[in-house]
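Visitor: the following comprises the amino acid sequence and a computationally predicted model.
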Amino acid sequence: VLRRSFSTTSSRNVIKNVTVIGGGLMGSGIAQVAAQSGNNVTLVEVNADILKKAEASIATNLGRVAKKLYKEDPNAAKKFVEEASSRIKGSTDPSEAVKDSDLVIEAIVENIGIKHKLFKSLDEAAPPKTLFASNTSSLSIGEIASVVKRKDKFGGLHFFNPVPVMKLLEIVRIPEQSEETYQAFVAWGKSIGKTCVTCKDTPGFIVNRLLVPYIAEAVRMLERGDASPRDIDTAMKLGAGYPMGPIELADYVGHDTTLSILQGWHDKYPDNPLFVPCDSQRQLVQEKKLGVKTGEGYYKYN
Ligand code: CAA
Ligand code: NAD
């Protein structure tokens, strides 16, 4: 039986001004999809140089989306890119950036102390109406929210890489979250073209709770020498219909990311064998072979 809190909604979207904090891989994707869908977006980074890089990556990825949407009409494609770009403004001052915000989405480094510091100051700077969300992959939403007063306005909005392509948005509830906040998250998620699923605040939510142990099992399989990386990937693509095999996906997500997710869960739940970090991934991280982003992981990229 579906409980009421897990049902879908037909509420109208009331969110228009969105602040995205962190303009890395995920934050720039989130800013892009929000702007593409008509939101006014403020993207916050630690300095102007990183903001510039984020803006360049958004311009490239908007171009890819525009090319797909307007194959036959380069003028419409150009207009789409220009309009979406004009809705994104950069900032290096988080307190100023949330002054008129309906929704703040945090996509900074995966570190509870740094996230706490940020949310504590945002809670003081933002007006009472502003909803807060974290895009964390593996930390507890309740723990992140513990430093703010507005726990009723807090939740997880978990996007997937690459954000402009992946259709899913996980909406993570905490017990203090109000029904109004939840409905606003769902309506906004739909308005930016994502399919929303709802889940409780448990390690990895839905996707990562299944995906990360699956990747770790594949890595353990290659560590045992049961099959080659290529054959493991081919097997899961052609035998299970996945777009990428698990070893390719581990390189794509980044070994630093997967390792730190596993390490965090292992520290918290030492008895769960699914959460044990993998030796070869630890080795790759030590050698700074983080995957696609550094040019080498289990495979080499050029
Ligand atoms: N922005 C815009 N468009 C993009 C893009 C981006 N960043 N990346 C890819 N695309 C577009 C391409 O332009 C291409 O468009 P066309 O179809 O019009 O040509 C399309 O997406 C497909 O891309 P490619 O042809 O380059 O490659 P592909 O067909 O192999 O698809 C992929 C790439 C979408 C990444 C696909 O391989 C895939 O879905 N892989 C699995 C990704 C996945 O599992 N992501 C989740 C990771 S876990 C996570 O994110 C959660 C976490 O907390 C760690
Ligand atoms: P990233 O390293 O690419 O980007 C993080 C950005 O945040 C950096 O550009 C950094 O300069 C900026 N930053 C750090 N502290 C800041 C602060 N106080 N104020 C403003 N900006 C700050 O990381 P990412 O992969 O985009 O991950 C960001 C978040 O999203 C993490 O919580 C991660 O767990 C989560 N996530 C990652 C993925 C993934 O596949 N990489 C998928 C889903 C969720």
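Guide: Here it is on my side, so go on. Ligands and ions are numbered 1, 2, ... in the order given.
Visitor: burial measure for the residue in the stretch 1-150 of the chain that ligand 1 sits nearest to, as a count.
Guide: With distances taken as Cβ to the nearest ligand atom, the stretch 1-150 of the chain approaches ligand 1 most closely at S137, which sits 3.2 Å away. Any C-beta I mention is one placed from the backbone N, CA and C, and that applies to glycine too. Residue neighbour count, defined by other Cβ atoms under 10 Å, stands at 23 for S137.
Visitor: could you measure from it over to I108?
Guide: The span separating S137 from I108 equals 12 Å under the rule Cβ to Cβ, to the nearest Å.
Visitor: repeat for G291
Guide: If you measure G291 against I108 using Cβ to Cβ, the figure is 20 Å.
Visitor: who has more neighbours out of those two?
Guide: Neighbour tally, G291 and I108, criterion other Cβ under 10 Å: the higher count belongs to G291, 26 against 23.
Visitor: phi, psi for the more buried one please.
Guide: Torsion angles at G291 (phi, psi; degrees, to the nearest 10) stand at phi 120, psi -150.
Visitor: so it sits right up against E248, yeah?
Guide: No - in this structure, G291 is not within contact of E248 by Cβ atoms under 8 Å, at 9.2 Å.
Visitor: helix, strand, or coil at L43?
Guide: Recorded secondary structure, L43: strand (DSSP: H, G, I helix; E, B strand; the rest coil).
Visitor: and for V109?
Guide: At V109, secondary structure determined by three-state DSSP is coil.
Visitor: for the stretch 201-302 of the chain, which residue gets nearest to ligand 1?
Guide: Checked against ligand 1 (Cβ to the nearest ligand atom), the nearest residue in the stretch 201-302 of the chain is P243, 3.8 Å away.
Visitor: show me the domain layout of this structure.
Guide: Domain assignment of the chain by automatic domain parsing yields the ranges 4-199, 208-292.
Visitor: quick one, which of these is nearest to ligand 2?
Guide: Shortest distance between ligand 2 and the domains of the chain, using Cβ to the nearest ligand atom, is found for domain 4-199: 1.8 Å.
Visitor: what's the burial count for K52?
Guide: 13.
Visitor: that one is in what secondary structure piece?
Guide: K52 belongs to helix 48-69 when elements are defined using DSSP states H and E.
Visitor: show me what contacts the residue nearest in space to the middle of the chain?
Guide: Among the residues of the chain, the smallest C-alpha distance to the mean C-alpha position (Cα atoms, centre = their mean) belongs to F159, namely 3.7 Å. In this structure, F159 makes contact with 26, 29-30, 135, 166, 169, 194, judged by Cβ atoms under 8 Å, 6 or more residues apart in numbering.
Visitor: from the residues you listed, which land in strands?
Guide: Filtering these for membership in strands, criterion DSSP state E, returns L169.
Visitor: please tell me how far W188 sits from ligand 1.
Guide: Here the distance between W188 and ligand 1 works out to 19 Å (Cβ to the nearest ligand atom, to the nearest Å).
Visitor: ok, that residue touching G155?
Guide: No - proximity of W188 to G155 does not meet the contact threshold set by Cβ under 8 Å, at 11.1 Å.
Visitor: what ranges in the stretch 101-250 of the chain fall below the confidence cut-off?
Guide: Within the stretch 101-250 of the chain, no range satisfies pLDDT under 70.
Visitor: quick one, helices of it?
Guide: Remark: helices assigned in the stretch 101-250 of the chain by DSSP state H, counting those that start in this stretch are 112-125, 141-145, 179-191, 207-224, 229-240, 246-253.
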